[in-house]
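**Student:** everything below, folded, please.
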Amino acid sequence: MTQNESHYVPAFGLHVLTPFYDSFAKLVNPLRRRLLRESNIQPGQRALDLGCGTGLLTRMVKQSAPEAHVTGLDGDEEVLKIARDKSRGVDIQ
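**Tutor:** Have a look, this model is predicted:
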């Protein structure tokens, strides 16, 4: 399937809403913090944030486990650009 034939739907259904993604996504930060505690990521371990969006959880993982190898992956190139911009200078792939 080519990109033009893709049936991909961005978060909130429209790219015009992407700038508001982080504001709404932060509402689940308590859940993210619990996930981080329970995952107990150790130095040297690898963490993959599938569907990372703008990288909120990805950055939280790296902050909680600086020696871990952290990778964010998302099908939406627009939110990945935001994630890259927000993660400049942080060792995240």
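**Student:** and the closest residue in space to residue 52 that isn't next to it in sequence, what element?
**Tutor:** Taking CB to CB, 6 or more residues apart in numbering, and ignoring the residues beside it in sequence, residue 52 has residue 72 as its nearest neighbour in space, at 3.3 Å. Where you see a C-beta, it was placed from the backbone N, CA and C, and this is true even at glycine. Element membership for residue 72, per DSSP states H and E: strand 69-73.
**Student:** buried stuff in that strand?
**Tutor:** Neighbour-count burial for strand 69-73, counted by 16 or more other CB atoms under 10 Å, picks out 69, 70, 72.
**Student:** where do the strands of the protein begin and end?
**Tutor:** Listed in chain order, the strands of the chain (DSSP state E) span residues 46-50, 69-73.
**Student:** okay if I get the ones you listed as TSV plus distance to residue 28 and mean pLDDT?
**Tutor:** Supplementary listing: the strands of the chain in TSV, determined by distance: least, CB to CB, whole Å; pLDDT from 0 to 100:
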stretch	distance to residue 28	mean pLDDT
strand 46-50	14	95
strand 69-73	16	94
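**Student:** to residue 16, which of those strands lies closest?
**Tutor:** For residue 16, the closest of the strands of the chain is strand 69-73, at 22.7 Å, according to CB to CB.
**Student:** so which residues make contact with the closest one?
**Tutor:** Strand 69-73 is touched from outside by 44-52, 55, 58, 61-62, 80, 83, 87, 91-93, with contacts defined as CB atoms under 8 Å, 6 or more residues apart in numbering.
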